[in-house]
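Colleague: I need the structure of the sequence given here:
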Amino acid sequence: MRDEARRLAASTGQVKLMRTLDAPTAHAAGLTPREIDVLRLISRGRSNRDVAAELQITENTAANHVRSILIKTGAANRTQVAMMAVSRRWVDDHGPELAPSAGTGGQITRLATPPATRPEAHDRSVR
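Modeller: The predicted structure is shown next:
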């Protein structure tokens with residue numbers, strides 16, 4: 001059926017439809033470009049506050065985008081939609097989250113080891 005639809009789209013010059021048929025994308029899920037920007041960030045574990053700061057929107061607008069993404073994709077929560085986005089290649093999977101480190105002039109470095117796993121976090125000696 002997809003091949004027939006692609007043949008018909010090609011014969012009538014419907015380039016946009018051909019792109020949709022060629023590969024499943026976030027656009028095929030009905031997401032807007034802005035929602036894809038938000039999805040990319042929540043797929044990297046960002047909070048609504050972080051999304052808002054990065055995209056220069058209000059936190060409420062970020063939450064509205066997330067809500068719309070969940071409705072359009074049928075996902076139950078942020079984690080599920082993030083997993084869908086990566087597995088369906090709607091967003092790039094860049095591995096561990098990266099963030100600017102304090103005192104590095106905004107250079108991007110890997111996030112620090114969580115406090116509970118740092119050796120000094122376990123050193124609670126009384127003086």
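
Colleague: list the buried residues in stretch 72-91.
Modeller: 73, 75, 78, 81, 82, 84, 85, 86, 90, 91 (16 or more other C-beta atoms under 10 Å). Heads up, the C-betas are built off the backbone N, CA and C, glycines and all.

Colleague: which of the residues you listed fall within strands?
Modeller: Taking DSSP state E, every one of the buried residues of stretch 72-91 sits outside strands.

Colleague: return the list of helices and strands in contact with the lengthiest helix in the chain.
Modeller: Longest helix in the chain, counting residues (DSSP state H): helix 59-73. Using 3 or more C-beta pairs under 8 Å, 6 or more residues apart in numbering; DSSP states H and E, the elements in contact with helix 59-73 are helix 33-42, helix 48-55, helix 78-87.

Colleague: confirm that residue 45 sits in a helix.
Modeller: No. Residue 45 is assigned coil when assessed by DSSP: H, G, I helix; E, B strand; the rest coil, not a helix.

Colleague: how close does it sit to residue 89?
Modeller: 18 Å (C-beta to C-beta, to the nearest Å).

Colleague: which residues of this protein score low on pLDDT?
Modeller: Residue ranges of the chain with pLDDT under 70: 1-2, 16-28, 93-127.

Colleague: go again with 90.
Modeller: Residues of the chain that meet the criterion pLDDT under 90 lie in 1-30, 88-127.

Colleague: now residue 57: phi and psi?
Modeller: Note on residue 57: backbone dihedrals following degrees, to the nearest 10 are phi -130, psi 170.

Colleague: look at it and say how many residues are nearby.
Modeller: 17 (other C-beta atoms under 10 Å).

Colleague: so how far is residue 50 from it?
Modeller: From residue 57 over to residue 50 (counting by C-beta to C-beta), the distance is 12 Å.

Colleague: ok, back up a step: just the closest of the buried residues of stretch 72-91 to residue 13, please.
Modeller: residue 90 (26.7 Å; C-beta to C-beta).

Colleague: any idea how far residue 58 is from that closest one?
Modeller: On the measure of C-beta to C-beta, residue 90 and residue 58 end up 24 Å apart.

Colleague: residue 15 now?
Modeller: For residue 15 relative to residue 58 (C-beta to C-beta), the value is 36 Å.
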